[in-house]
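Participant: This is a predicted model, with the sequence first.
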Amino acid sequence: MLELRNLHFAVDGDDGPEGGEKREIIRGINFTFEKGKFYAITGPNGSGKTTLAKLIMGINPASSGSILFDGQDITNLSITDRAKAGIAYSFQHPARFKGITFRELLNLATGIEEEEQLVSLLMRVGICPLDFLDKIVDAKLSGGEIKKIELATTIARNPKLAIYDEPDTGIDLWTIGPMVDLLKREQKNYGTTTIVVSHNKVFLEAADEILIINGGRIVFKGVLGEAMNLLNDMSICNFKSCCEGDDQNARCFR
Ligand SMILES: Nc1ncnc2c1ncn2[C@@H]1O[C@H](COP(=O)(O)OP(=O)(O)OP(=O)(O)O)[C@@H](O)[C@H]1O
């Protein structure tokens with residue numbers, strides 16, 4: 001349903017007399033996501049996961065390569081046209097809007113105005129309608145509240161492909177389990193192809209397939225059991241060359 005063909009993304013470097021050479025962040029990714037499956041993308045900080053997710057949504061323009069969605073080449077389509085085609089994206093750091101309520105946001109995303117439908121939508125995504133519907137989606141919301149609203153708004157669009165960038169950022173311990181259950185339920189009930197960018201093992205456990213990205217390349221694709229060796233391997237750490245070496249205490253948090 002989603003095919004990435006030799007996908008590259010490069011940005012201008014910031015060193016050198018004329019702005020430096022291009023820096024390649026995504027380096028030739030080839031992968032086909034199958035309809036209705038749940039994928040987790042993980043990898044070290046700065047390895048290119050969010051960049052890849054944004055390439056799929058069209059937030060980043062591909063430098064070269066192509067993206068096919070349901071057989072259609074969407075490489076040059078705008079974000080809006082990709083959204084119309086059925087792709088939804090949930091940001092790691094969602095935008096906040098002064099003066100706009102969650103009700104209005106849902107209305108913009110889905111066209112639904114009727115109270116009963118809005119309430120049943122929120123029940124479906126496990127959010128208390130009484131508490132949330134008239135909240136203003138501004139800077140006063142807590143980190144967890146805005147993430148719940150972002151997730152609900154993504155699901156409410158009934159996308160064919162839902163991309164969640166670190167959905168558990170700021171989410172309390174009691175909500176992460178139900179959040180995983182919710183995304184699995186959406187996958188099962190609506191056939192939503194789901195891509196979650198995450199460092200959290202609960203999402204890796206929930207996934208049908210895991211991709212590990214490092215240095216802008218896919219270094220592993222497969223099931224969690226087979227990924228464990230690589231996930232436990234310090235050599236995948238991007239900062240290994242800065243530390244004191246394998247036999248010393250690297251003094252990092254891992
Ligand atoms: N538009 C851009 N211009 C310059 N550098 C960029 C741009 N987009 C991403 N980068 C850089 O590319 C690298 C990968 O970023 P990305 O956000 O994809 O990492 P990530 O794997 O999602 O990391 P994390 O786990 O920390 O969220 C980072 O070094 C980032 O600074």
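Facilitator: Thanks, I have the structure now. It should be emphasised that the depicted structure is a prediction, and the values quoted were computed from it without experimental measurement.
Participant: who in this structure is up against the ligand?
Facilitator: By the rule Cβ under 6 Å from any ligand atom, the part of the chain lying against the ligand is 11, 25, 43, 45-51. Yep, even glycine has a C-beta here, placed from its N, CA and C like the rest.
Participant: Counting neighbours, which of those end up buried?
Facilitator: 25, 43, 47-51 (16 or more other Cβ atoms under 10 Å).
Participant: Determine which two of those are furthest apart.
Facilitator: Across these, the longest distance by Cβ to Cβ is 12.4 Å; it joins 25 and 43.
Participant: What mean pLDDT does stretch 217-226 get?
Facilitator: When pLDDT is averaged over stretch 217-226, the result is 91.
Participant: cool, and stretch 74-85?
Facilitator: With pLDDT averaged residue by residue, stretch 74-85 scores 94.
Participant: ok, residues contacting that stretch?
Facilitator: Judged by Cβ atoms under 8 Å, 6 or more residues apart in numbering, the contacts made with stretch 74-85 from elsewhere in the structure are 57-59, 62, 65-70, 72, 157, 160.
Participant: burial measure for residue 4, as a count.
Facilitator: Using other Cβ atoms under 10 Å, residue 4 has 22 neighbouring residues.
Participant: mind checking the backbone torsions on the residue nearest to residue 5 when sequence neighbours are not counted?
Facilitator: For residue 5, the nearest residue in space outside its immediate sequence neighbours is residue 66; the separation is 4.7 Å by Cβ to Cβ, 6 or more residues apart in numbering. As for residue 66, its main-chain torsions (degrees, to the nearest 10) stand at phi -140, psi 160.
Participant: Next, the contact list for residue 66, please.
Facilitator: When contacts are counted by Cβ under 8 Å, 6+ apart, residue 66 is found next to 4-7, 73, 75.
Participant: give me that answer again for 7 Å
Facilitator: By Cβ atoms under 7 Å, 6 or more residues apart in numbering, the contact list for residue 66 reads 5, 73, 75.
Participant: before we move on, the earlier item: how about CSV for the buried ones among the residues of the chain next to the ligand, with pLDDT and secondary structure added?
Facilitator: Below are those laid out as CSV (pLDDT from 0 to 100; DSSP: H, G, I helix; E, B strand; the rest coil):
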residue, pLDDT, secondary structure
25, 93, strand
43, 90, coil
47, 90, coil
48, 94, coil
49, 94, helix
50, 95, helix
51, 96, helix
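Participant: And the helix or strand containing residue 53, what does it pack against?
Facilitator: Remark: residue 53 resides in helix 49-57, with elements defined by DSSP states H and E. Packing partners of helix 49-57 (3 or more Cβ pairs under 7 Å, 6 or more residues apart in numbering; DSSP states H and E): strand 2-12, strand 22-33, strand 87-90, strand 161-165, strand 193-197.
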